[in-house]
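[1] Model the following, please.
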Amino acid sequence: MQTIVIVEGERVLREELSVLLQNAGYQVKCITEFQEVAKQLKEAKADLILLDINLPVVNGEVILQDFRKTSDVPVIMLTSRIDEMDEVLSMSFGADDYITKPYNPTILLLRISAVLKRGRKESQVVTYRDLEVSTVKGSLIRGEEEQVLTKNEMIIFHFLLEHTGEIVSRDDLMTALWDNEEYLNDNALSVNISRLRTKLADLGVDDAIETRKKQGYILK
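    Now for the predicted structure:
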């Protein structure tokens, strides 16, 4: 039985999460004292951690940063704030996923299952040209330079990477996002592609994604 540790500052939400996860077949541990949380997490022997950002004593992102120095246990960040910067910081500190409250219980369980499956894969770093692509941190790394991607940007890039040299339609990318419980409209997809191109260009790869009119995109 897989063990999930909950670090949630609100008692009611913590108890609701605990019941949900136990009913789904997980063993659950809850941290209720928020001093030295990173140390408690290291001792918990968890398969996955649900970590609230807004904790009473120390910000969850700070805890994550400390925890990542010694552990690669999957972490999903929970927050009631809708702020892209929170997502970027969380992913740059090593979060595996990021979920805003209130969350749909079914979708939360699907995201947990997906992260646990990803965590069982042998490699979490792949290469593209001379870039390292970290699926754990959600970032592109070239030497000392690093560009952090949002979740949607990483889903798009990873899908293109899996189909390098092939034409990928906009519908294909929309389906990939839907499969990850994400949604982008057509305009938002264009914006994400543009941002992804900019981040690649900042790392010296400015010809990576080519647009094929009326067909889609190709990662070269």
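[2] got a pLDDT number for the most centrally placed residue in the chain?
    Nearest residue to the geometric centre of the chain (CA atoms, centre = their mean): residue 97, 2.9 Å. Here, the pLDDT recorded for residue 97 equals 87.
[3] which residues does it contact?
    By CB atoms under 8 Å, 6 or more residues apart in numbering, the contact set of residue 97 is 76, 77, 111, 114, 115, 151. Glycine gets a C-beta too; all of them are placed from N, C-alpha and C.
[4] Please name the nearest non-neighbouring residue to it.
    Excluding its sequence neighbours, the residue lying closest to residue 97 (CB to CB, 6 or more residues apart in numbering) is residue 76, at 4.5 Å.
[5] Which strands or helices does the helix or strand in which the one you found is found pack on?
    Using DSSP states H and E, residue 76 sits within strand 75-79. With contacts taken as 3 or more CB pairs under 8 Å, 6 or more residues apart in numbering; DSSP states H and E, strand 75-79 sits against strand 48-52, helix 60-67, helix 84-92, strand 97-100, helix 105-119.
[6] could the ones you listed go into a markdown table alongside distance to residue 164?
    Below are the helices and strands packed on strand 75-79 laid out as a markdown table (distance: least, CB to CB, whole Å):
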| stretch | distance to residue 164 |
| --- | --- |
| strand 48-52 | 30 |
| helix 60-67 | 31 |
| helix 84-92 | 23 |
| strand 97-100 | 25 |
| helix 105-119 | 20 |
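[7] follow-up on the earlier one: ok, now how distant is the residue nearest to the centre of the chain from residue 75?
    Here the criterion is CB to CB, to the nearest Å. By it, residue 97 lies 8 Å from residue 75.
[8] what about the residue nearest to residue 97, how many residues close to it?
    By other CB atoms under 10 Å, 20 other residues sit near residue 76.
[9] mind listing the strands for the chain?
    Assigned by DSSP state E, the strands in the chain fall at 3-7, 27-30, 48-52, 75-79, 97-100, 125-128, 131-134, 139-142, 145-148, 167-168, 209-212, 216-219.
[10] Go through this protein and flag its longest helix.
    Identified as the longest helix of the chain according to DSSP state H is helix 186-202.
[11] What average pLDDT does it get?
    The average pLDDT for helix 186-202 rounds to 91.
[12] ok now do residue 70, which residues does it touch?
    The contact partners of residue 70, by CB under 8 Å, 6+ apart, come to residue 42.
[13] Can you find the helix or strand in the chain with the smallest mean pLDDT?
    Every helix and strand in the chain was compared by mean pLDDT, DSSP states H and E; the lowest is helix 84-92, with a mean of 68.
[14] thinking again about what came up before, turn the strands of the chain into TSV, including distance to residue 194.
    Converted to TSV, the strands of the chain look like this (distance: least, CB to CB, whole Å):
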stretch	distance to residue 194
strand 3-7	36
strand 27-30	42
strand 48-52	31
strand 75-79	26
strand 97-100	22
strand 125-128	19
strand 131-134	19
strand 139-142	16
strand 145-148	14
strand 167-168	16
strand 209-212	10
strand 216-219	12
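[15] Which pLDDT value does the model give residue 28?
    96.
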